[in-house]
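>>> what's the 3D shape of this:
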Amino acid sequence: MSKNGVSRRYFFQGSLLAGAVPLGGFGSVASLRALGYRSPNEKLNIAGIGAGGKGYTDLMGCKSENIVALADPDEERGARGFKEFPKATRYKDFRQMLDKELNNIDAVTVSTPDHVHGMAAMWAMSRGKHVYCQKPLTRTVWEAGELAKGAAKYGVATQMGNQGYSNEGVRQCAEIIWSGEIGQVKEVHAWTNRPVKYWPQGPDVDPKPGPVPSTLDWDLWLGPAAARPFSPAYAPRTWRGFPDFGCGAIGDMACHIMGTPNMALRLGAPESVECIKQVGKGPHTFPQQAVIRFDFPARGAMGPVKVFWHDGLSEFPQFEGIPKGELIGDKDVNGSLFIGEKGMVTTGCYGERTRLMPDARMKDYKMPAQSLTRSPGHYHDWIRAAKGGEPACSNFSVAGPFVQWMLLGVIAMKFEGKLEWDAAKGRFSNNNEANRHLRPTFRKGWDFV
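Numbers count the residues shown, from 1 in each chain. Okay, the predicted model is just below:
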C-alpha cells in the first residue's frame, strides 16, 4: 500500500479498466434515449425470422413482448413457433415479411442457418428495426464488419445471441483478471467437444441429393447461397459442418466459450492465426477435430497473449499444475483456461463455475469488488435497449469485431501455415487466396441490402 492509500493492485486494475467498457454500457453506439424509443412499459412488436429450433427459443425469450409475425421456409421445422404464437402472421420468405409488415413491427429476431444471418439482419436494420441475431453473428468476416457499421448507421438496438456474455461468471472472470490476481495472462485455451455427436463432419460425409420434403421451400432455405440440389445432409439440422452454410464448431460454440476471453482480455484483432492441427479433414465439411492459434498484440496495460481454440475433443483436456479431474467446464466438455504469470482461472461454456485453479486456491479467496454492471438477462438486455435503455452487452459494436477475429480461424482451417492479419486494411498480408474467403458471393435476388 502506498502512503496515500492507493495500492499497486488498484493501479493494475485501473489501467486495465481504462476503455474496457464505455460509459454508456457495453459498446460504443449512439444514445438510444435520444432517438424517440418506446416507454419501458410499452410492448415491442417483434417478428421472427426462423420459428423453429433456435428460433423458437429466441421467440420464447421475447414472449413478454408481442410476437406479431413469423417467417420460416420449413413448415415442419417452424411448427413449434407457429403453434406457440397462433396470432402471428405467417410467411415463408422473410423478405416478403419485412416489406409487408414494415409498419407493424419494431424489432426482429434472426434465427437461421449462419449463411442467412448477415443478410437478414441488414435487411431488418435498414428498415429501422431492432435486431437480435443468433451467433455467430455472420458466416464471413466482411459481413460482421458491415453489420457493426449498419447498426451505427441506422441507430437501432442490437444483440448477438451469445448469452454467456450476460452471465455473472463472465464478469467475475474479467474482474479477477483485472484485479491482478493471476498477473499478466500469457496464454488462453478454449475447448469444446463439438461436433462430436451433434452433427456429422469429416471425410465420410458426402451430401448426396435427395427429394425435397413437401414442407420445405428449398430455394428460400438456400437464400443467398449458390443453388444446388437438396440433400438431407444439409437440412434441417445438420448444415453447420458445411462451409457454405455454417462455421463448424467455431460458429457453434466459440461465441460462447471465447466470449469470456474476449471481454476479460479486451482482445481486439489478432496479428496472426494458424490452424496448427487437423484430424479427419474432408472434401465437403470442416475437419472432425482442429486446434487453432490466435496471436494478439499488447493492448494497453495487457501484454501479448496466445489464444488456442480446440474442437472435436472426446475427453477433458489436461494442463500442467492442475490435478486430474478438477478442470471441468460442463457436461458437454466446453470451457476455457487463462494461464497467467501468477496463477490460472477457468470458466465453463457460459462463464459458469468461474474459479481460480487449482481448486485449493478458492478456499479463502474473496471475489473482487464488482466493477462491471450486471445484466438483467440476455434477451431483456436487448429489449431494454430497444426501449431506450443502455446498449445491450453484445450489441453489434461489440459482437462485430469479436466475430471478425473468431471467423479468421474458420479461414485458417483451409490453409497451411500462419496467416498474417492486417486489421487496418481488413485483409491477410501474406495470402491472397485466403482473402477470397473474407467476403461471400450473394446469389441473384438475395442482395445484402
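
>>> Now do the domain split for the chain, please.
19-163, 166-370+398-435 (automatic domain parsing).

>>> Of those domains, flag the one that's most buried.
Neighbour counts (mean count of other Cβ atoms under 10 Å) averaged over each of the domains of the chain peak at domain 19-163, with a mean of 21. For the C-beta atoms, the positions are set from N, CA and C on the backbone; glycine is no exception.

>>> did I read that right, residue 290 in a strand?
Yes. The assignment for residue 290 by DSSP: H, G, I helix; E, B strand; the rest coil puts it in a strand.

>>> Contact partners for it?
By Cβ atoms under 8 Å, 6 or more residues apart in numbering, the residues touching residue 290 are 249, 275, 277, 278, 279, 309, 310, 311, 312, 413.

>>> My understanding was that the first one contacts residue 311; is that so?
Spelled out, that is residue 249. Yes. Residue 249 is within contact range of residue 311, at 3.7 Å (criterion: Cβ atoms under 8 Å).

>>> picking that back up, least reliable of the domains of the chain by average pLDDT, please.
By mean pLDDT, the lowest-scoring of the domains of the chain turns out to be domain 19-163, with a mean of 90.

>>> thinking again about what came up before, distance to residue 377 for the domains of the chain - can I get that in TSV?
Below are the domains of the chain laid out as TSV (distance: least, Cβ to Cβ, whole Å):
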stretch	distance to residue 377
domain 19-163	8
domain 166-370+398-435	6
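
>>> and residue 391, which of these is closest to it?
Closest to residue 391 of the domains of the chain is domain 19-163 (Cβ to Cβ; 4.6 Å).

>>> And that closest one, how far out from the chain middle?
In terms of Cα atoms, centre = their mean, to the nearest Å, the centre of domain 19-163 is set 15 Å apart from its chain centre.

>>> on that earlier part again, now for residue 249 and residue 311: what residues contact both?
Common contacts of residue 249 and residue 311, defined by Cβ under 8 Å, 6+ apart, comprise 192, 194, 195, 290.

>>> Pick the one among those closest to residue 111.
residue 194 (18.4 Å).

>>> quick one: that closest one and residue 250 touch, right?
No. Using Cβ under 8 Å, residue 194 is not in contact with residue 250, being 9.1 Å away.

>>> From residue 87, how far out is the residue most central in space within the chain?
Nearest to the mean C-alpha position of the chain, counting by Cα atoms, centre = their mean, stands residue 255 at 3.3 Å. Using Cβ to Cβ, to the nearest Å, residue 255 is found at 32 Å from residue 87.

>>> Next, report how far the longest helix anywhere in the chain is displaced from the centre of its chain.
Ordering each helix of the chain by length in residues (DSSP state H) puts helix 396-412 first. Offset of helix 396-412 from its chain centre (Cα atoms, centre = their mean): 8 Å.

>>> In terms of secondary structure, what does the following helix or strand past it contact?
Sequence-wise, the next helix or strand downstream of helix 396-412 (DSSP states H and E) is strand 419-422. If you count contacts as 3 or more Cβ pairs under 8 Å, 6 or more residues apart in numbering; DSSP states H and E, strand 419-422 packs onto strand 272-279, helix 396-412, strand 427-428.

>>> Need the contact partners of strand 419-422.
By Cβ under 8 Å, 6+ apart, the residues outside strand 419-422 that reach it are 269-274, 408, 411-412, 428-431, 434.

>>> Which neighbours in the sheet does it have, and how are they oriented?
Strand 419-422 has its sheet partners listed here by DSSP bridges as strand 272-279 (antiparallel), strand 427-428 (antiparallel).

>>> As a markdown table, those with distance to residue 114 would be great.
Output for the strands paired with strand 419-422, formatted as a markdown table (distance: least, Cβ to Cβ, whole Å):
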| stretch | distance to residue 114 |
| --- | --- |
| strand 272-279 | 19 |
| strand 427-428 | 21 |
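
>>> closest one to residue 143 among these?
strand 427-428 (15.1 Å).

>>> How about residue 126, nearest residue that isn't a chain neighbour?
residue 449 (5.4 Å; Cβ to Cβ, 6 or more residues apart in numbering).

>>> Over to residue 369?
Closest residue to residue 369 apart from its sequence neighbours, by Cβ to Cβ, 6+ apart: residue 175 at 7.7 Å.

>>> pretty sure that neighbour is in contact with residue 373, am I right?
No. Checked against Cβ under 8 Å, the pair residue 175 and residue 373 is beyond contact range at 11.7 Å.

>>> residues in contact with the closest residue to residue 253 other than its chain neighbours?
Leaving aside its sequence neighbours, residue 253 sits nearest to residue 192 (Cβ to Cβ, 6+ apart; 4.3 Å). By Cβ under 8 Å, 6+ apart, the contact set of residue 192 is 249, 252-254, 257, 310-313, 332-334, 349.

>>> Residue 39 now?
Counting by Cβ under 8 Å, 6+ apart, residue 39 touches residue 387.

>>> roughly how far apart are it and residue 388?
Between residue 39 and residue 388 the computed distance is 8 Å (Cβ to Cβ).

>>> before we move on, the earlier item: can you redo the shared contacts of residue 249 and residue 311 as a markdown table with secondary structure?
What follows is the shared contacts of residue 249 and residue 311, written out as a markdown table (three-state DSSP):
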| residue | secondary structure |
| --- | --- |
| 192 | coil |
| 194 | coil |
| 195 | coil |
| 290 | strand |
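
>>> and which of those residues is nearest to residue 321?
Nearest to residue 321 out of the shared contacts of residue 249 and residue 311 is residue 192 (Cβ to Cβ; 22.2 Å).

>>> how much space between the closest one and residue 290?
Taking Cβ to Cβ, one finds residue 192 at 11 Å from residue 290.
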